[in-house]
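In: please work out how this folds:
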Amino acid sequence: TTTTTTTINMSRTRLQMQVQSAVNNLLSALQFTPDGRSLVIAVPRDLQIVDSSTGAIEREGRGDSSILHIEFAPDGRQMATTSWDETARLWDVATLQCTAVLQGHEREVYCVAFSVDGCHV
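Out: Next up, the predicted model:
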């Protein structure tokens, strides 16, 4: 008889643990920054910017409703989120502070995009 041994690597990176924690807490959106150095995680109202190489939380913020989508401006300095509360929000990435609320939608907002030059949402 032949015996096959399979080794399973049980170690996990800190980033994997952050993402798994977010999934366990009802992950609602996930997006890498344009430079790939960080990952933004939305769990439902909370935002976290996590270092993609270490998994360390860099910044945290809070929205007013469950976030459905995250999109970055091409230069990575701003991001936009959409949510169930019929709004989109603009955020300063450096501070993770909301800088504008885009209202007037008749239903929840599922996606958002920036123009190539980042001047229009």
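
In: so D85 touches D64, yeah?
Out: Yes - D85 is within contact range of D64, at 6.0 Å (criterion: C-beta atoms under 8 Å). Where C-beta positions appear, they are placed from N, C-alpha and C, glycine not excepted.

In: so where's this protein uncertain?
Out: Under the criterion pLDDT under 70, the flagged ranges of the chain are 1-25.

In: so where do the helices sit in it?
Out: With DSSP state H as the criterion, the chain has helices at 14-24.

In: is the nearest residue in space to Q78 that is not next to it in sequence bridged to anything, and to what?
Out: Spatial nearest neighbour of Q78, excluding adjacent residues (C-beta to C-beta, 6 or more residues apart in numbering): L90 at 5.8 Å. Counting by DSSP bridges, L90 forms beta bridges with A80, A100.

In: so who does L90 touch?
Out: Q78, M79, A80, C98, T99, A100, L102, V121 (C-beta atoms under 8 Å, 6 or more residues apart in numbering).

In: residues in contact with S65?
Out: Counting by C-beta under 8 Å, 6+ apart, S65 makes contact with R45, S83, W84, D85, T87.

In: hang on, the earlier thing: would you convert the contacts of L90 into JSON lines that also reports neighbour count and distance to G36?
Out: Converted to JSON lines, the contacts of L90 look like this (neighbours: other C-beta atoms under 10 Å; distance: C-beta to C-beta, whole Å):
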{"residue": "Q78", "neighbour count": "19", "distance to G36": "17"}
{"residue": "M79", "neighbour count": "23", "distance to G36": "14"}
{"residue": "A80", "neighbour count": "21", "distance to G36": "19"}
{"residue": "C98", "neighbour count": "16", "distance to G36": "24"}
{"residue": "T99", "neighbour count": "10", "distance to G36": "24"}
{"residue": "A100", "neighbour count": "14", "distance to G36": "26"}
{"residue": "L102", "neighbour count": "15", "distance to G36": "27"}
{"residue": "V121", "neighbour count": "15", "distance to G36": "22"}
